[in-house]
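> I would like the atomic coordinates for the input below:
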Amino acid sequence: MSAVGVIIQARTGSTRLKNKILIPFYQDQGILEILIDKILHGLTGTPIVLATSTGEENDILADLAARKGINCFRGDEANVLKRFIEASRHYKITGAVRICADNPFLDAHYLSQLVNYAEAHEEFDYISFQLSDGRPTIRSHHGFFAEFVQLSALRKVQTVTTEPSYLEHVTNYIYENPADFNIKWLPAPSVVSNRLDIRLTIDTEDDFKSAQEILKLLGKAPLQISLNEIIDVVDRHPMLITKMEGQIKANEK
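This is a model prediction of the structure:
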């Protein structure tokens with residue numbers, strides 16, 4: 001039986017906005033703490049691991065994990081694939097829900113849907129949401145969704161490639177070589193399935209400010225905010241779209 005766990009990929013050394021996941025985002029909470037609270041609230045009983053590097057600059061992340069009562073694994077800085085495999089082995093996780101630490105608006109409903117589907121369908125190597133144009137949501141700028149991958153699939157990637165981009169971007173090889181893996185695509189909700197103008201993943205100071213502006217407009221804590229509410233407020237404030245489109249162009253994946 002598959003043992004599903006959440007692995008949060010995190011580090012402090014972002015080149016575009018240093019310490020972006022620790023800077024106060026809502027009240028005195030940083031993005032990473034908000035994300036952990038959201039996962040803890042939405043996935044009772046699911047193991048959670050914060051996977052960071054061994055560099056001393058990430059000691060503060062290990063301290064945060066301990067304070068929040070979740071597991072922490074420290075591994076290779078550049079070879080994130082290796083870090084994920086070792087974290088999974090260490091905590092006896094056979095199927096990992098991969099979450100990026102710079103997504104404060106990760107949607108708890110669709111996170112639960114992904115976990116439930118993965119637990120019910122062990123036959124799939126990789127499960128993710130997909131936009132209407134066929135791209136995985138992880139290749140969008142949305143920041144709303146996680147992805148699921150079996151440890152066996154990650155091990156397979158490790159044996160067939162040493163390409164640096166595949167070692168850094170854990171799941172890219174899998175969905176770029178679909179004939180070699182059993183992949184399941186779940187349809188993204190219609191409200192965002194064809195939206196290429198939404199950017200709520202946080203890489204830059206402008207991203208950070210735009211996300212905070214959305215929080216202010218909604219007047220609610222991040223834990224209480226749904227994907228639909230975010231899209232509604234963005235569509236009612238066209239300047240937010242303009243800012244996001246500028247950041248998408250500057251940070252194209």
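
> Quick check: which ranges of the stretch 151-253 of the chain have low pLDDT?
Scanning the stretch 151-253 of the chain for pLDDT under 70 picks out the ranges 253.

> Distance of the spatially closest residue to His169 that is not a sequence neighbour relative to Asp107?
Among residues not flanking His169 along the chain, Val80 sits closest, at 7.5 Å (C-beta to C-beta, 6 or more residues apart in numbering). Heads up, the C-betas are built off the backbone N, CA and C, glycines and all. Look at Val80 and Asp107: by C-beta to C-beta, to the nearest Å, they are 23 Å apart.

> Pick out whichever of the two has more residues nearby.
Asp107 (24 against 20; other C-beta atoms under 10 Å).

> now the helices for the protein?
31-42, 59-68, 80-90, 108-120, 151-160, 164-168, 172-176, 205-218, 227-235, 238-250 (DSSP state H).

> The ones you listed: which one's closest to Ile7?
helix 80-90 (5.7 Å; C-beta to C-beta).

> just checking, what packs against that closest one?
strand 4-9, strand 48-53, strand 71-75, strand 95-100, helix 151-160, helix 164-168 (3 or more C-beta pairs under 8 Å, 6 or more residues apart in numbering; DSSP states H and E).

> Report the buried residues of it.
Using 16 or more other C-beta atoms under 10 Å as the test for burial, helix 80-90 gives 80-81, 83-88.

> For His109, see how far away Gly75 is.
31 Å.

> Pick out whichever of these two has more residues nearby.
Gly75 (17 against 13).

> Thought Thr54 was touching the more buried one, still the case?
Yes - in this structure Gly75 lies within contact range of Thr54 using C-beta atoms under 8 Å: 6.7 Å.

> Mind listing the shared neighbours of those two?
Contact criterion C-beta atoms under 8 Å, 6 or more residues apart in numbering; residues shared by Gly75 and Thr54: none found.

> just to revisit the earlier point, where does the residue nearest to His169 land on pLDDT?
Listed pLDDT for Val80 reads 95.

> dump the residue contacts of it.
Here Val80 is in contact with 9, 167-170 (C-beta under 8 Å, 6+ apart).

> Please list only the buried members of those residues.
9, 167, 169-170.

> now for the residues you listed, which pair is the farthest apart?
Among the buried ones among the contacts of Val80, Gln9 and Leu167 lie farthest apart (C-beta to C-beta), at 13.0 Å.

> got the CA coordinates for stretch 203-221 in PDB?
Taking Å, rounded to 0.1, in the frame of the first residue of the first chain, the C-alpha atoms of stretch 203-221 are listed here in PDB:
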ATOM      1  CA  ASP A 203       9.700  35.000  -7.100                       C
ATOM      2  CA  THR A 204      10.100  38.800  -7.100                       C
ATOM      3  CA  GLU A 205       9.300  41.800  -4.900                       C
ATOM      4  CA  ASP A 206       6.600  42.800  -7.400                       C
ATOM      5  CA  ASP A 207       5.000  39.300  -7.000                       C
ATOM      6  CA  PHE A 208       5.100  39.700  -3.300                       C
ATOM      7  CA  LYS A 209       3.500  43.100  -3.400                       C
ATOM      8  CA  SER A 210       0.700  42.000  -5.800                       C
ATOM      9  CA  ALA A 211      -0.100  39.000  -3.600                       C
ATOM     10  CA  GLN A 212      -0.300  41.200  -0.500                       C
ATOM     11  CA  GLU A 213      -2.600  43.600  -2.400                       C
ATOM     12  CA  ILE A 214      -5.000  40.800  -3.100                       C
ATOM     13  CA  LEU A 215      -5.000  39.900   0.600                       C
ATOM     14  CA  LYS A 216      -5.800  43.500   1.500                       C
ATOM     15  CA  LEU A 217      -8.600  43.600  -1.000                       C
ATOM     16  CA  LEU A 218     -10.200  40.400   0.200                       C
ATOM     17  CA  GLY A 219      -9.800  41.400   3.900                       C
ATOM     18  CA  LYS A 220      -9.300  37.700   5.000                       C
ATOM     19  CA  ALA A 221      -6.600  35.500   6.300                       C
END
